[in-house]
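S.K.: would you be able to build a 3D model of this:
(2 chains)
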Amino acid sequence: MLRVCALYPDLMNIYADRGNLLVLERRCLWRGIGFELSASGLGEPLDAERHDLYYLGGGQDRDQRLCAADLVERKREALHTAAARGAVVLGVCGGYQLLGHSYTLGEEQIAGVGLLDVRTVRSEGPRLIGNVAIEASLPDGAGPAAQRGTAAARDHVLAGFENHGGRTQLGAEALALGRVLKGHGNDGRSGLEGARRGSIVGTYLHGPLLPKNAWFADWLIARALAIDPGELAPLDDRLERAAHLGARRAAGV
Amino acid sequence: MASALEPKLALARAVGALSRLRGGGATSAPGKLLVALDRDAIATLGARLGRGSALVSATNGKTTTTALAARIFEHAGIRLVHNRAGANMAGGIAAALLAAARPHKQIAGELGLFEVDELWLDSIASQLGPRAVLLGNLFRDQLDRYGELEAIAARWAEGLRAERLVLNADDPLVADLGRGRDRTLYFGLEDESLALPGLAHAADAKHCRRCGAPYFFERVYLGHLGHYRCPSCGQQRPEPIVTATDVTLQGVRSASFTLRTPAGSGRVALGLPGLYNVYNALAAAALASALEVELNSILAGLDGATAAFGRAEAVTLSLASAAAGAGPLTRELRILLVKNPAGANEVLRTLALEPGQHDLLGVLNDNIADGRDVSWIWDADFELLAPRVRQMSCSGTRAAELALRMKYAGVAEQRIRVEPDLSRALAAAAADTADGAPLYALPTYTAMLALRELLVARGEANSAWG
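M.R.: Residues are numbered from 1 along each chain as shown, chains lettered A, B, ... in the order given. Below is the predicted model:
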């Protein structure tokens, strides 16, 4: 049974984040793994023990401010407790920014929950928008290549779309989620994208990250269930692979 | 120097003629050149219009609403300058004005009626100083290009030059723009029977524009459109004076409603389907009402109105004759443009009103005019239609991603075909369409253009460019 909790699903959902939750659900159910989806919204408590995977998507600036205050005030402690016991925490786009220490917009600084050692600053420069592909660096046992025993780096590719005004810098304790192959990534300069610490993952590859990268959905499912991805029953992924390749082509990789 | 405009008009016209000779369909090319030659061209030409201008913007329904308004104004005997082909940025509007410009600072038309892209609206309004600006709705759409909804609303709120705003009272983001402005005309729906059980997943604007508290929705009609109020600060839906009541939806074919205005009321039977087209017709009626068009002309203009270019348009397809033998085999193709979650949801809802299993051709492109980001398909409720799909061919530059969306919506994989080539996808989808059943095409914007081009080449549709 995979127990997922979506944080602020009615506000932090601007880039079709629902697609990620749907992919987790179907890929569990198709394998006979139970699936439970809960939500925790503004003003609601968050259970630190009950869920295997916590999901935080992207929102509009205004909604994101509302959520940030609530997140720090009411849910910070529970998220830290959950992460410490090994639950997966996935932050996408705005959700990634809020997993860090802070998000600075001019004079204003919005505090994040500090699960990832990153800081984000809204730049005067243009928004970083476009198709993006990265080569993810994940622990052993991840990615279809590793499952076949051929750890070819190209098979760790995550493809998606990014659209963010913030530039994110990694602190000393943060690892990037991956290396940018095409696109902007964290800040458009460092060649790095996203951040990861154990099972806490943040990325700018927004909205339907998992539909475009079914292998990564499986990595997250396995991680949340504390099993090896190789233990998950294989699925007929012809359409998933075609969609992944389509997204890579769009990024030029 | 005002007189200097004339030679620039001539040059832009000549370039336009050349581009048409080369077979270019770009309706805005001469307009773009004109604006480059003279950045005041739109203002200068617009000032020649005796009745001024009216602008129409919205995320969804711009082209249809403007086409409906044009029918009304034409019934009222008002000669229009209108960017009919839907080129709705500065170049397209300049091109429409250029085509109407005549020697001696004359112009062939009394009223400028322009559909305007959301991002261009403030700039076009400041150039034209329109008599009225009609704003229909703001939904999430092409976030890669438009930025976020709130940012657009904020930009409009900062100062939209218009003598009068005509606003949809049911859209909190749009209605709030009337705050502190005189003479705003609100329109809205008054029909309890149409209320949905709750906000759609992709609903936007769930929080009060003034104080940030969540709105309480008494009714939701479509997306985030409905009857709402803020329990915290008391802000609420303004009372509309132009309304639609007693709405009847007849599947993918037609819809009717009673139009109520301060000047009286009357029944409207549209040749257009779905609640979204009722909103479009209501918006057009409100605009005409704001410009003092008589009720009779409004009713006559809307009555029997049919599809704008590529919107719910019907085309007869010929099947390849191999299977024939006994005369020509045909299928009806109905084109329903889908380009963002709110628009797609209304199309899906309308399709779900049609009985039986459906044959579908989905075409997902990611060209600039579609939005490069195809994430939105995961926000659209394809689940509504999933149990009713007999077969769906997925085509376009991102065909596989649309196919995957259908799979996760619950359509069995054997009912899904992936064929990026549009011509082959159309042929295969038509061949598999059940006898007597229509084939529904759901294309994004550039896919709709490509599909029409293909149909014109096959001799099954007329060219839009006249």
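S.K.: how close does the residue in chain A that chain B sits nearest to get to B:Ala269?
M.R.: In chain A, the residue found nearest to chain B is A:Gly19; the distance is 3.0 Å by Cβ to the nearest Cβ. The way it works is simple: take the backbone N, C-alpha and C, and place the C-beta from them, glycine included. Distance, A:Gly19 to B:Ala269, using Cβ to Cβ, to the nearest Å: 39 Å.
S.K.: tell me where chain A has strands.
M.R.: Using DSSP state E, the strands of chain A run over A:2-7, A:35-40, A:53-56, A:88-92, A:102-105, A:108-111, A:118-122, A:128-136, A:157-164, A:166-170, A:178-182, A:192-193, A:195-197, A:200-203.
S.K.: mind putting the ones you listed in CSV, mean neighbour count and mean pLDDT included?
M.R.: Shown next, in CSV, are these (neighbours: other Cβ atoms under 10 Å in any protein chain shown; pLDDT from 0 to 100):
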stretch, mean neighbour count, mean pLDDT
strand A:2-7, 23, 97
strand A:35-40, 16, 96
strand A:53-56, 27, 98
strand A:88-92, 27, 97
strand A:102-105, 17, 93
strand A:108-111, 14, 93
strand A:118-122, 22, 96
strand A:128-136, 23, 95
strand A:157-164, 27, 95
strand A:166-170, 21, 96
strand A:178-182, 20, 96
strand A:192-193, 24, 98
strand A:195-197, 21, 95
strand A:200-203, 26, 97
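S.K.: does the residue lying closest to B:Asp381 once chain neighbours are set aside lie in a helix or a strand, and which?
M.R.: Distances taken as Cβ to Cβ, 6 or more residues apart in numbering or on different chains put B:Asn345 closest to B:Asp381, at 5.2 Å, once the chain neighbours are dropped. Using DSSP states H and E, B:Asn345 falls within helix B:341-353.
S.K.: tell me the mean pLDDT over that helix?
M.R.: The average pLDDT within helix B:341-353 is 86.
S.K.: by contact count, what packs against that helix?
M.R.: In terms of contacts (3 or more Cβ pairs under 8 Å, 6 or more residues apart in numbering or on different chains; DSSP states H and E), helix B:341-353 is packed against strand B:216-222, strand B:242-250, helix B:274-290, strand B:330-336, strand B:439-443.
S.K.: quick one: that helix to chain centroid distance?
M.R.: 14 Å (Cα atoms, centre = their mean, to the nearest Å).
S.K.: touching it from outside, list them.
M.R.: Contacts to helix B:341-353, defined as Cβ atoms under 8 Å, 6 or more residues apart in numbering or on different chains, come from residues A:16, B:59-61, B:137, B:139-141, B:200, B:202, B:222-223, B:249-252, B:273-276, B:336-338, B:358, B:376-377, B:379-382, B:384-385, B:388, B:440, B:442.
S.K.: what's downstream of that helix, the next helix or strand?
M.R.: Taking DSSP H and E, what comes next after helix B:341-353 is strand B:358-363.
S.K.: so in terms of bridging, what pairs with A:Arg179?
M.R.: A:Arg179 has the following beta-bridge partners by DSSP bridges: A:Glu135, A:Leu192.
S.K.: pretty sure it contacts A:Asn186?
M.R.: No - checked against Cβ atoms under 8 Å, the pair A:Arg179 and A:Asn186 is beyond contact range at 10.9 Å.
S.K.: shared neighbours of the two, anything?
M.R.: What both A:Arg179 and A:Asn186 touch, as defined by Cβ under 8 Å, 6+ apart, is the set A:Leu192, A:Glu193.
S.K.: pull the helix or strand with minimum mean pLDDT from chain A.
M.R.: In chain A, the helix or strand scored least confidently by mean pLDDT, DSSP states H and E is helix A:143-148, which has a mean of 44.
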